[in-house]
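Asker: Give me a model of this one.
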Amino acid sequence: MPRFIPMLLALTGLILLTAFGSLAGADEPEEASPSAEVEALLEQDDLPDGVAFEIVENDRAALSALLPEIHANIRVLRERAPELPIAVVTHGAEQFTLTRAEAAAHGSLHAEIESLVMDDGVNVVVCGTFAGWRDLEADAFPEHVEVATAAPDRLDDLEASGYTVIRLRPSLLDAPAEDPWEFDFGQP
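Answerer: Presented below is the predicted three-dimensional model:
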């Protein structure tokens, strides 16, 4: 009988550690998975000369919603090729969350985008044409964000220089019902 007591205590301790370990991890956000297109790229023998993630939605929250997936994509691509050039080209309504005027309202988004540029060497691009339709000049965006004359032309240039362009979309639960090419033209 006395031999069972240490074993019972050890088993109880193991159960408690497992239970508390599960509870401690319950508050941690689940890490996003890379895009299927990125996983397919990684299965190839050779990677492209660069990867550009295109976002064009009629949803101002799309960029924030896609950031975990963008981070996961960058992580796995850079594990394989640390110097691989990566760009994020946003040219829908979501680009307006990156204006200086929106910095206070979207502080964590601005910090994450600045970190992508400054720490991870990712080129973040917005569309100057669409901004112009909203009476916004290039200086409406922070210095670390590139304002392309026309984002579709910038994507064509990236493709011509060997980049693979991957369009990212929020999940169907997050995506608005409207066609993303039919943009609202309200104030940014």
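
Asker: ok so residue 126 is a helix residue?
Answerer: No: judged by DSSP: H, G, I helix; E, B strand; the rest coil, residue 126 forms no part of a helix; its state is strand.

Asker: ok, it to residue 65 distance?
Answerer: As judged by C-beta to C-beta, to the nearest Å, residue 126 and residue 65 stand 17 Å apart. Placement of C-beta: from N, CA and C, glycine included.

Asker: Between the two, which has more neighbouring residues?
Answerer: Legend: neighbour count by other C-beta atoms under 10 Å for residue 126 and residue 65, higher for residue 126 (26 against 19).

Asker: hey, what's that one bridged with?
Answerer: residue 90, residue 147 (DSSP bridges).

Asker: give the contact list for it.
Answerer: Taking C-beta atoms under 8 Å, 6 or more residues apart in numbering, we find residue 126 in contact with 90-91, 95, 98, 141, 145-148, 151.

Asker: do that again at 6 Å, thanks
Answerer: Counting by C-beta atoms under 6 Å, 6 or more residues apart in numbering, residue 126 makes contact with 90, 95, 141, 145, 147.

Asker: One more: residue 73?
Answerer: Applying C-beta under 6 Å, 6+ apart to residue 73 gives the contacts 34-35, 38.

Asker: Compute the distance between it and residue 82, please.
Answerer: The spacing between residue 73 and residue 82, counted by C-beta to C-beta, is 14 Å.

Asker: Assign the residue lying closest to residue 137 once chain neighbours are set aside to helix, strand or coil.
Answerer: Distance criterion C-beta to C-beta, 6 or more residues apart in numbering; nearest residue to residue 137, sequence neighbours excluded, is residue 131 at 7.5 Å. Put simply, residue 131 is helix when judged by three-state DSSP.
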